[in-house]
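A.B. asks: Give me a 3D structure for the following:
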Amino acid sequence: MCLLVIAWRTHPRYRLVVAANRDEFHDRPTASLAWWNDDPRILAGRDLRAGGTWLGVTRAGRIGIITNFRDLESPPAPDAPSRGGLVPRFLAERGATSAFLEGLGSEAGRYAGFSLLLGDTTALHYYSNRSDTHSRSLPPGVYGLSNHALDTPWPKLVRTRQRFAKAMGNGDPAAGELFDILGDREPAPYESHPDTGLPPDWERALSAPFVVHERYGTRCSTVVITDGAGRTVVHERRFDAKGVQTGATRMEFAGPGASE
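C.D. replies: Take a look at the predicted model:
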């Protein structure tokens with residue numbers, strides 16, 4: 001993912017609400033949201049080049065989301081493993097989220113920069129291999145993540161989180177309203193573009209919550225809504241290089257221990 005906002009235990013009805021945009025090169029092959037044939041526990045889209053994913057959930061109540069950490073001064077090693085493989089690894093395990101992150105610490109330096117949000121029915125954790133604190137459990141709240149540390153105040157993230165927080169305070173969040181927030185294509189003003197080392201035209205293109213560019217842009221938008229009993233609805237909308245919607249998927253499943 002490259003932009004996401006998340007509400008964790010802040011709504012009277014919903015335990016978790018996520019709205020996220022995945023930005024990627026348009027020529028990178030991708031499978032749409034589905035239950036995986038090789039691991040039917042996992043519901044996710046899939047990067048067909050490396051086999052991982054950017055966002056996935058399970059019937060057991062686990063969720064994993066990863067974003068790359070933009071760090072042009074520290075390029076990855078040529079043999080660095082794919083960051084997207086971390087999400088299905090977590091989703092396939094049954095232990096505590098904290099235990100998974102403790103085990104990850106010894107190998108995290110092998111990867112290019114990343115941030116992870118990992119959760120289960122009881123806890124949500126943030127982890128980055130570019131952070132001094134690495135891992136922390138998140139209290140109830142509304143958070144935002146793009147291509148830097150959690151809640152880094154890049155203009156597009158601030159704007160999206162504010163609109164998301166307002167939607168969460170207006171009653172039941174509607175998927176359509178959250179997709180409207182994710183679909184914001186207005187770049188930030190020139191004077192407020194973050195300086196991450198990219199050329200100015202790329203900084204401008206990437207300063208919009210929804211990125212439209214002929215080579216790289218928002219490939220899909222995803223909304224995840226989980227209620228207090230664990231019933232989860234996942235919506236995915238997919239887009240081409242011009243930002244035109246090309247497909248949509250909606251999946252729903254009951255919480256752990258419930259009948260479908």
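A.B. asks: Backbone dihedrals for Tyr190, please?
C.D. replies: phi -50, psi -40 (degrees, to the nearest 10).
A.B. asks: swap in Ala50?
C.D. replies: Dihedral pair for Ala50: phi -110, psi -10, per degrees, to the nearest 10.
A.B. asks: how about the nearest residue to it, chain neighbours excluded?
C.D. replies: The shortest distance from Ala50 to any non-neighbouring residue, by CB to CB, 6 or more residues apart in numbering, is to Ser82 (3.7 Å). Backbone N, C-alpha and C define where each C-beta goes, glycine included.
A.B. asks: Just give me the neighbour total for Ala80.
C.D. replies: Counted with other CB atoms under 10 Å, the neighbours of Ala80 add up to 12.
A.B. asks: I'd guessed it sits against Tyr111; true?
C.D. replies: Yes. At 5.8 Å, Ala80 counts as touching Tyr111 under the criterion of CB atoms under 8 Å.
A.B. asks: can you pull up the bridge partners for Val224?
C.D. replies: Val224 forms beta bridges with Val18, Val234, as assigned by DSSP bridges.
A.B. asks: and Arg15, what is it in contact with?
C.D. replies: Residues near Arg15 by CB atoms under 8 Å, 6 or more residues apart in numbering: Trp8, Arg9, Thr121, Thr226, Asp227, Gly228, Gly230.
A.B. asks: what about burial for those, which qualify?
C.D. replies: Trp8, Thr226, Asp227, Gly230 (16 or more other CB atoms under 10 Å).
A.B. asks: now, the most widely separated pair of these?
C.D. replies: With CB to CB as the measure, no two of these lie farther apart than Trp8 and Gly230, at 14.3 Å.
A.B. asks: what comes into contact with the lowest-mean-pLDDT helix or strand in the chain?
C.D. replies: In the chain, no helix or strand scores lower on mean pLDDT, DSSP states H and E than helix 200-206, which sits at a mean of 88. Residues from elsewhere that reach helix 200-206 (CB under 8 Å, 6+ apart): 23, 187-188, 190, 193-196, 198, 211-213, 216-217.
A.B. asks: Just the closest of the residues you listed to Leu86, please.
C.D. replies: Nearest to Leu86, judged by CB to CB, of these is Asp23 at 18.2 Å.
A.B. asks: partner residues bridging that closest one?
C.D. replies: In beta-bridge terms (that is, DSSP bridges), Asp23 pairs with Thr218.
A.B. asks: Tell me the spacing between it and Thr222.
C.D. replies: Look at Asp23 and Thr222: by CB to CB, to the nearest Å, they are 12 Å apart.
A.B. asks: Which one of these two is surrounded by more residues?
C.D. replies: Remark: of Asp23 and Thr222, Thr222 carries more neighbours, 27 against 23, as counted by other CB under 10 Å.
A.B. asks: Give the helix, strand or coil label for the more buried one.
C.D. replies: With DSSP: H, G, I helix; E, B strand; the rest coil as the basis, Thr222 sits in strand.
A.B. asks: give the contact list for it.
C.D. replies: Thr222 neighbours (CB under 8 Å, 6+ apart): Val18, Ala19, Ala20, Asn21, Arg22, Leu33, Gly45, Leu55, Val234, His235, Glu236, Arg237.
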